[in-house]
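>>> here is my input, please return the structure:
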Amino acid sequence: MTAMDAMGALMMTAEELSNPMHITALIVLDPPEDAGRGFADELLHACHADANHLDSRLRRRPHRGVDTGGAWVWRETETDLSRHVFRRSLPEGSNRETLWSLVGDLHAEPLDRTRPMWQAHVIDGFDGNRIGLLVKVHHSVVDGIGGLRMIESWVGDDPARRGMRLFAAAPSREVDSDEPGSGATSRIPDPLALVRSTVGAAASGAEFAMRLGKGGVLNVFRALTGGPATLPFSAPNTRFNGRLGPARAVAGAEVSRTRVRAVGEATGTTGNDVLTTVVAGALRYWLLAHRELPTESLVAICPITVRARDATTDGGDANAFGVALCTLGTELDDPAQRLAVVHRSMSDAKHQVADLGSGASLAVALPAIAPTVLLPQIPFAPTPRPAFNLALSSVPGPVSDRYWNGARVEAIYPVSTVYDGLALNITVCSYAGHLDIGYVAGREQLPDIETLIPLTEQALSDLEEAVGITRQAGSP
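Below is the predicted model:
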């Protein structure tokens with residue numbers, strides 16, 4: 001057995017109190033021209049890698065008991081791939097809306113804690129001959145960036161390559177049978193080692209306390225002096241902050257990276273600022289259409305990675321990120337003004353996480369996060385202003401086209417976690433020349449979530465016009 005990192009343990013506990021805490025990615029594949037009718041079956045077979053050669057993170061299950069002193073640990077276990085890999089066929093002639101409905105149903109189902117917490121679904125029957133590969137992994141196993149790195153390790157840049165398998169570990173990830181914590185030599189972990197592992201995930205005690213105090217004081221000072229920091233519990237009440245039902249609604253939109261970059265260059269902002277503004281604009285239009293636009297800005301909680309772009313993800317903490325609250329400027333009618341607000345808020349958030357570190361930034365945000373997600377679970381509890389209205393994050397994917405057994409990866413849509421008090425989560429994955437946006441929400445909160453797809457295009461077009469960019473007809 002090996003100790004689970006602090007963030008993973010927190011997510012396992014949170015799942016017991018609220019909703020499933022897994023993340024999902026839908027990979028849309030365009031089969032090669034020579035693909036036969038049984039190509040989906042070939043891809044299904046490619047998912048059945050030798051269980052002994054699986055990535056080590058996918059060969060272990062969570063465990064907590066008297067033998068661990070109540071702490072969460074990972075325990076090596078046998079992996080029966082027939083209980084992790086599945087085939088799904090949509091009715092002939094199905095479109096993307098049917099696909100997203102299935103993705104929402106699959107995303108709503110919790111993962112079984114008695115076995116390694118991951119699944120893969122090969123989906124065919126939509127958009128002619130397109131094939132979807134839905135990969136679902138618990139957030140305690142890997143975070144969003146770690147999950148994308150995992151996917152990147154499975155695909156390649158050679159369209160002629162065959163015999164590629166998912167989930168197999170790279171040679172550097174193989175666990176030596178004599179290494180402490182491997183299946184051959186597992187032992188009851190030392191409780192003190194578990195404590196050291198959990199506390200050490202944030203920082204040493206003294207340094208952590210100093211960072212924690214610094215973060216809280218600076219947040220309040222910046223906000224009260226007109227800075228871009230967002231005070232806790234300054235978000236308006238919205239339908240996104242209620243209690244979740246069992247169903248999920250999912251949709252995916254695509255935005256041209258060239259268009260986003262052009263807006264950033266014209267305004268001196270980052271691509272992430274621009275995309276955040278586009279998403280904020282889409283939400284503004286949706287709330288206006290439903291006569292629910294608050295007079296105050298929506299606030300997003302933004303996970304911000306502290307992992308270097310070239311860092312490995314097969315060791316150490318499964319989750320390496322901090323969080324910050326970001327103002328979205330949804331009360332502003334002018335998209336250019338909204339972009340300026342987002343730019344200031346996001347810049348401050350990144351500096352705060354970089355300055356405080358992952359553990360301290362999470363601890364600073366915890367007093368705001370806890371009431372926002374816990375109070376909706378309590379019947380007849382008071383409804384104070386939430387600390388945030390939605391989660392918004394971005395993960396970098398491959399910069400050029402990738403292939404898997406001859407099939408071109410057409411898109412990578414991230415589908416993240418929603419739970420009581422946070423019924424809307426938006427994640428963006430950059431891939432090749434476009435940005436794939438995954439919208440996921442409680443179905444009761446956003447039954448018409450598919451309307452966010454055209455609203456995303458409208459928000460980008462309006463932002464381009466506001467900053468003086470004229471697009472040529474037919475340009476990407």
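>>> from here on, just use CA atoms for contacts and neighbour counts.
Noted.
>>> so what's A253 bridging to?
Per DSSP bridges, the residues bridged to A253 are I437.
>>> and it, how far from M346?
Separation of A253 from M346 (CA to CA, to the nearest Å): 22 Å.
>>> now swap in R259 and tell me
When distances are taken as CA to CA, R259 and M346 turn out to be 20 Å apart.
>>> neighbour count: the two, which is higher?
For R259 and M346, the more surrounded residue by other CA atoms under 10 Å is M346, and the numbers stand at 24 against 20.
>>> where does that one land in three-state SS?
The assignment at M346 comes out as helix when based on DSSP: H, G, I helix; E, B strand; the rest coil.
>>> got the contact list for it?
Taking CA atoms under 8 Å, 6 or more residues apart in numbering as the criterion, M346 is in contact with 273, 326.
>>> pLDDT below threshold where in the stretch 101-250 of the chain?
Screening the stretch 101-250 of the chain residue by residue with the criterion pLDDT under 70, one finds the ranges 168-233.
>>> ranges for the helices of it?
Listed in chain order, the helices of the stretch 101-250 of the chain (DSSP state H, counting those that start in this stretch) span 144-154, 191-200, 205-224.
>>> for the first one, buried residues please.
Going back to what we said before, that points to helix 144-154. 144-151, 154 (16 or more other CA atoms under 10 Å).
>>> then the helix or strand hosting H45 to CSV, C-alphas only?
Assigned by DSSP states H and E, H45 belongs to helix 39-47. Taking C-alpha atoms only, helix 39-47 is exported to CSV below (Å, rounded to 0.1, in the frame of the first residue of the first chain):
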residue,chain,number,x,y,z
PHE,A,39,-12.9,-0.8,-37.2
ALA,A,40,-14.7,0.0,-33.9
ASP,A,41,-14.1,-3.6,-32.8
GLU,A,42,-10.5,-3.3,-33.6
LEU,A,43,-10.2,-0.2,-31.4
LEU,A,44,-12.1,-2.0,-28.6
HIS,A,45,-9.5,-4.8,-28.8
ALA,A,46,-6.7,-2.2,-28.7
CYS,A,47,-8.1,-1.0,-25.3
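>>> and it, what other elements does it pack with?
Helices and strands touching helix 39-47, as assessed by 3 or more CA pairs under 8 Å, 6 or more residues apart in numbering; DSSP states H and E, comprise strand 85-94, strand 118-126.
>>> which residues are contacting that helix?
With CA under 8 Å, 6+ apart, helix 39-47 has contacts from 31, 85-87, 120, 122-124, 131, 163-167, 405.
>>> can you rerun that using 6 Å?
Defining contact as CA atoms under 6 Å, 6 or more residues apart in numbering, one finds that helix 39-47 is touched by 165-166.
>>> tell me the SS of the nearest residue to L287 once chain neighbours are set aside?
Computed as CA to CA, 6 or more residues apart in numbering, the closest residue to L287 that is not its neighbour in sequence is L293, at 4.7 Å. For L293, the secondary structure call by three-state DSSP comes out as coil.
>>> tell me how many other residues surround L293.
Neighbourhood size, L293 [other CA under 10 Å]: 19.
>>> now R471
Using other CA under 10 Å as the criterion, the residues surrounding R471 number 12.
>>> how far away is it from L463?
Shown here: R471 relative to L463, a distance of 12 Å by CA to CA.
>>> picking that back up, quick one: pLDDT of the residue nearest to L287?
Reading off the per-residue confidence, L293 sits at a pLDDT of 98.
>>> and it, its phi and psi?
When read as degrees, to the nearest 10, the backbone of L293 gives phi -70, psi 120.
>>> isn't it up against Y285?
No. Applying CA atoms under 6 Å as the test, L293 and Y285 come out as separate, 8.4 Å apart.
>>> got a list of what the most centrally placed residue in the chain touches?
Among the residues of the chain, the smallest C-alpha distance to the mean C-alpha position (CA atoms, centre = their mean) belongs to S416, namely 4.1 Å. Contacts for S416 (CA under 6 Å, 6+ apart) come out as I23.
>>> and it, how close does it get to P246?
Using CA to CA, which is the criterion applied here, S416 is 15 Å from P246.
>>> then N237?
Between N237 and P246 the computed distance is 22 Å (CA to CA).
>>> same check, this time on E92
As for E92, its distance to P246 is 28 Å (criterion: CA to CA).
>>> same check, this time on E16
Remark: distance between E16 and P246 (CA to CA) = 15 Å.
>>> one more: N129?
The gap separating N129 from P246 is 31 Å, by CA to CA.
>>> so which of those two has more stuff around it?
The residue with the greater number of neighbours, taking N129 and P246 and applying other CA under 10 Å, is N129; the counts read 17 against 12.
>>> how far away is that one from V279?
On the measure of CA to CA, N129 and V279 end up 30 Å apart.
>>> equivalent analysis for N425, please.
Following CA to CA, the distance that separates N425 from V279 is 11 Å.
>>> same check on R161?
37 Å.
>>> quick one: which of the two has more around it?
Taking neighbours as other CA under 10 Å, R161 and V279 compare with V279 leading, 23 against 14.
>>> confirm that one sits in a strand?
No. Residue assignment for V279, taken from three-state DSSP, gives helix, which places it outside any strand.
>>> tell me the pLDDT at C47?
Reported pLDDT for C47: 87.
>>> swap in Q337?
At Q337, the pLDDT value in this model is 98.
>>> identify the residue nearest it in space, chain neighbours excluded?
Among residues not flanking Q337 along the chain, G329 sits closest, at 7.9 Å (CA to CA, 6+ apart).
>>> tell me the secondary structure of the one you found, please.
coil.
>>> correct me if wrong: it contacts R338.
Yes. The pair G329 and R338 qualifies as a contact (CA under 6 Å) at a distance of 4.9 Å.
>>> pick the most deeply packed of the helices and strands packed on helix 39-47.
Neighbour counts (mean count of other CA atoms under 10 Å) averaged over each of the helices and strands packed on helix 39-47 peak at strand 118-126, with a mean of 22.
>>> so what strands line up beside that one?
For strand 118-126, the paired strands and their directions (DSSP bridges) are strand 85-94 (parallel), strand 130-138 (antiparallel).
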